[in-house]
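>>> Everything below, folded, please.
(one chain, ligands or ions: 1)
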Amino acid sequence: MPIVEVKNLRKSYPGTVAVDDVSFHVEPGEIFGILGTNGAGKTTTVECLLGLRHPDAGSISAPAKEKIGAQLQEAKLPEKLKVREALELYASFYRQPADPVALLDQLGLTELAERKFGKLSGGQKQRVSIALALVGDPEIAVLDELTTGLDPHARRDIWKVIEAVRERGVTILLVSHFMDEAQRLCDRVAVFDNGRVVATDTPAGLMTAAGTANLDDAFVALTGRN
Ligand SMILES: Nc1ncnc2c1ncn2[C@@H]1O[C@H](COP(=O)(O)OP(=O)(O)OP(=O)(O)O)[C@@H](O)[C@H]1O
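From the prediction side, this is the model:
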């Protein structure tokens, strides 16, 4: 049974069809990539999934809102709050939260626990934001554009955290426009272009179909741009 099923989703804004007849499903425990160029409709799709936007048409079946942990782009927290305190604060919003200290440990973030949020680097903030998305002990984590603006080392540190999240058995929806990241982390991906899904497959399957050696080239072949 899929944990998420999106069927024939459509969402327009005045003058723009942002998402047009989008269908895909996500299996429990997988890292599913929502890939696409800027403006392809990724964020709109995820916002519909999270119940933040109302679709014009189509259906979405997904776990209840409190079982979805979302990390949406830039994390903002009071500068003086310590990482552990931030997690404890978020944990207090849930009936059955994860234990913040154990969560930091499992994600390899114990060294950041007593640091003030305002003193963290961009990559460290992003790692903490993943922990914040998991503090409600969700079935699915939605991680949106996590590594934008980070250096290659910081990106790899984030990837390690994402792999640790998978080890917890949490299904991950990874929104990205980085193909190297998707190739490395995702079990399957949906490629969005101009509001539509143009392919859904494993990264290896897409590369084979496109006759390319990496997902970046397969993506360019699929989206018809270079
Ligand atoms: N609130 C809004 N009002 C009007 N148009 C919008 C709104 N949000 C998004 N759009 C438009 O809808 C289309 C899809 O945008 P969306 O943000 O879903 O794409 P995206 O794939 O997430 O892009 P990015 O990678 O740049 O975040 C774009 O053409 C965008 O300009």
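>>> where does this protein have low pLDDT?
Applying pLDDT under 70 to the chain picks out residues 72-75, 225-226.
>>> Flag every residue of the chain that's near the ligand.
13, 16, 18, 36, 38, 39, 40, 41, 42, 43, 44, 177 (Cβ under 6 Å from any ligand atom). Using the backbone N, CA and C atoms, a C-beta is placed for each residue, glycine as well.
>>> switch to 5 Å and redo it
Those residues of the chain that sit near the ligand, judged by Cβ under 5 Å from any ligand atom, are 13, 16, 18, 36, 38, 39, 40, 41, 42, 43, 44.
>>> Which entries within those meet the buried criterion?
For those, a burial check counting by 16 or more other Cβ atoms under 10 Å picks out 18, 36, 40, 41, 42, 43, 44.
>>> contacting residues around the fourth one?
Going back to what we said before, that points to residue 41. Applying Cβ atoms under 8 Å, 6 or more residues apart in numbering, we find residue 41 in contact with 11, 18, 19, 20, 22, 192, 194, 195, 196.
>>> After the helix ranked longest in the chain, heading C-terminal, what element do we hit next?
Ranked by residue count, the top helix of the chain under DSSP state H comes out as helix 152-167. Next helix or strand after helix 152-167 toward the C-terminus (DSSP states H and E): strand 171-176.
>>> The spatially closest residue to residue 134 that is not a sequence neighbour sits in which helix or strand?
The shortest distance from residue 134 to any non-neighbouring residue, by Cβ to Cβ, 6 or more residues apart in numbering, is to residue 69 (5.4 Å). Here residue 69, judged by DSSP H and E, is contained in strand 68-72.
>>> so how far is that strand from its chain's centroid?
In terms of Cα atoms, centre = their mean, to the nearest Å, the centre of strand 68-72 is found 8 Å from the chain centre.
>>> Going forward, count from 316.
Sure thing, new numbering starts at 316, so read that last one as strand 383-387.
>>> now it and helix 467-482, what's the angle there?
Per axes from the mean of the first three to the mean of the last three Cα atoms, to 10 degrees, the angle that strand 383-387 makes with helix 467-482 is 170 degrees.
>>> Let me see the ranges of the strands in this structure.
With DSSP state E, the ranges of strands along the chain come out as 319-328, 331-341, 346-351, 372-376, 383-387, 455-459, 486-491, 503-508, 511-516.
>>> most packed of the ones you listed?
Counting by mean count of other Cβ atoms under 10 Å, strand 346-351 has the highest mean neighbour count of the strands of the chain, with a mean of 26.
>>> May I have that one as CSV, with CA atoms only?
This file holds the C-alpha atoms of strand 346-351, laid out as CSV (Å, rounded to 0.1, in the frame of the first residue of the first chain):
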residue,chain,number,x,y,z
ILE,A,346,13.3,8.3,-0.3
PHE,A,347,11.2,9.7,-3.1
GLY,A,348,12.5,12.7,-5.1
ILE,A,349,10.4,15.4,-6.5
LEU,A,350,12.7,16.9,-9.1
GLY,A,351,12.4,19.8,-11.5
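>>> strands paired with that strand, and their directions?
If you go by DSSP bridges, strand 346-351 pairs up with strand 486-491 (parallel), strand 503-508 (parallel).
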